[in-house]
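Peer 1: below are the sequence and a predicted model for it; my questions follow.
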Amino acid sequence: MDTGPGSVFRSEDLPVEERFDHWRELVALSRASEVTCARTGDFTAEMRRMELGPVTFLRTSFPSARFRRTADMVRRSDPGVYHLTLLLDGGLALTHDTDPTRTFVPGDLHVVDSSRVFDLRAFGARTEGPQEGQVQAVGVDFPTSLLPLPPHRVRTLLGRGFPGREGSCALLAEFLLGLDRQAGALGPAEAPRLGAIVVDLVAAWLARELDAEAALPEDARQRALVESIRTFIDRNLHDPELSPSVVAAAHHISVSYLHRVYTQQMQGETVAASIRGRRLAKARRDLADPRLRTLPIHTVAARCGIPRADGFSRAFRTAYGLSPVEHRHRALAGRTGE
């Protein structure tokens, strides 16, 4: 079975008696621990694994299981890695080092350290039928040396749960989910850059929790800021009033600082150009969506923050070499085989 960059494991591809052992070996590649499961006889799981430079991204689904990293395992081999997990479905109960046991619900993030013992119990989501549901999670593993924060301060946050629905924690959670959605379209050349962004976002989140943002290198702060700006733009493309001044105000920075940082981190692309380009790209995707085939083209444009149909048609043709009508026809005809 392939375990290289971008590999996907599906238990259904293996004989039943081999499934659990293969999955356990995959887990051990970056999260070495003693793994036990009561359902090895009918084990079903999936795992997507992507190498983003020194960062490993994981997306997994599995039945209830237990993961124990013992003191003996730490003594024998410690890779010096942080394990960050965003729980999507099911439940977790974690005892990290000598800390009290904490429980996590879907939407929570937590971080553990490979140099510390832990006991993690994962419980499948409840279902209406007799069959227990699966645990669903995404996560990243990366060397502790990459995090530009004092380890003794980070240690105070380890093993704790944080709701991934607000602030820099939400930005990190959204980026991880975006990596999972786009995994099939990502090329090898993008991997190191995406890994660096992950570490920057983790650092920005933890620094905010520690009130230690000044400790971050300026470049790391700027990269995290630009990723926050890109996310804000994507969330607000529908607003025709979206502009650099609106973006700057939302991030409590001046327009001049916004332009300087953004163009520097985006290889010369301006905020206004990004807004235009992302609006057109969204419209292009929506026009090719068969679920939206009855939506008038001017409505598609308006949903992307472009209220003037004539201006939209000109900009679309300039960007893609054909009109919105032609693009929709070709895209939908290709899907239906017409």
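Peer 2: Now that the structure is in, tell me what you want to look at. Numbering: from 1, shown residues only.

Peer 1: the stretch 201-338 of the chain: helices as residue ranges?
Peer 2: Secondary structure of the stretch 201-338 of the chain, counting by DSSP state H, counting those that start in this stretch: helices at 218-235, 244-250, 255-265, 271-287, 297-303, 309-320, 324-336.

Peer 1: got those helices as TSV, with mean pLDDT columns?
Peer 2: Supplementary listing: these in TSV, determined by pLDDT from 0 to 100:
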stretch	mean pLDDT
helix 218-235	90
helix 244-250	95
helix 255-265	94
helix 271-287	96
helix 297-303	95
helix 309-320	93
helix 324-336	86
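
Peer 1: in TSV: these, plus mean neighbour count and distance to residue 148.
Peer 2: Quick note: C-beta positions are derived from backbone N, CA and C, even for glycine. TSV is the format used below for the helices of the stretch 201-338 of the chain (neighbours: other CB atoms under 10 Å; distance: least, CB to CB, whole Å):
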stretch	mean neighbour count	distance to residue 148
helix 218-235	18	6
helix 244-250	17	26
helix 255-265	16	17
helix 271-287	18	26
helix 297-303	18	40
helix 309-320	15	38
helix 324-336	14	44
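
Peer 1: reformat the ones you listed as a markdown table; add distance to residue 82.
Peer 2: A markdown table is the format used below for the helices of the stretch 201-338 of the chain (distance: least, CB to CB, whole Å):
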| stretch | distance to residue 82 |
| --- | --- |
| helix 218-235 | 16 |
| helix 244-250 | 30 |
| helix 255-265 | 24 |
| helix 271-287 | 31 |
| helix 297-303 | 40 |
| helix 309-320 | 41 |
| helix 324-336 | 42 |
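
Peer 1: nearest to residue 75, out of these?
Peer 2: helix 218-235 (32.6 Å; CB to CB).

Peer 1: and that closest one, C-alpha only, in CSV?
Peer 2: These are the backbone C-alpha positions of helix 218-235, laid out as CSV (Å, rounded to 0.1, in the frame of the first residue of the first chain):
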residue,chain,number,x,y,z
GLU,A,218,7.8,39.5,12.0
ASP,A,219,7.7,37.3,8.8
ALA,A,220,5.6,34.7,10.6
ARG,A,221,3.1,37.3,11.8
GLN,A,222,2.8,38.7,8.4
ARG,A,223,2.2,35.4,6.7
ALA,A,224,-0.5,34.6,9.3
LEU,A,225,-2.1,38.0,8.7
VAL,A,226,-2.2,37.5,5.0
GLU,A,227,-3.8,34.1,5.4
SER,A,228,-6.4,35.8,7.6
ILE,A,229,-7.0,38.4,4.9
ARG,A,230,-7.4,35.8,2.2
THR,A,231,-10.0,34.0,4.3
PHE,A,232,-11.8,37.3,5.0
ILE,A,233,-11.9,38.1,1.3
ASP,A,234,-13.3,34.6,0.5
ARG,A,235,-16.0,34.9,3.1
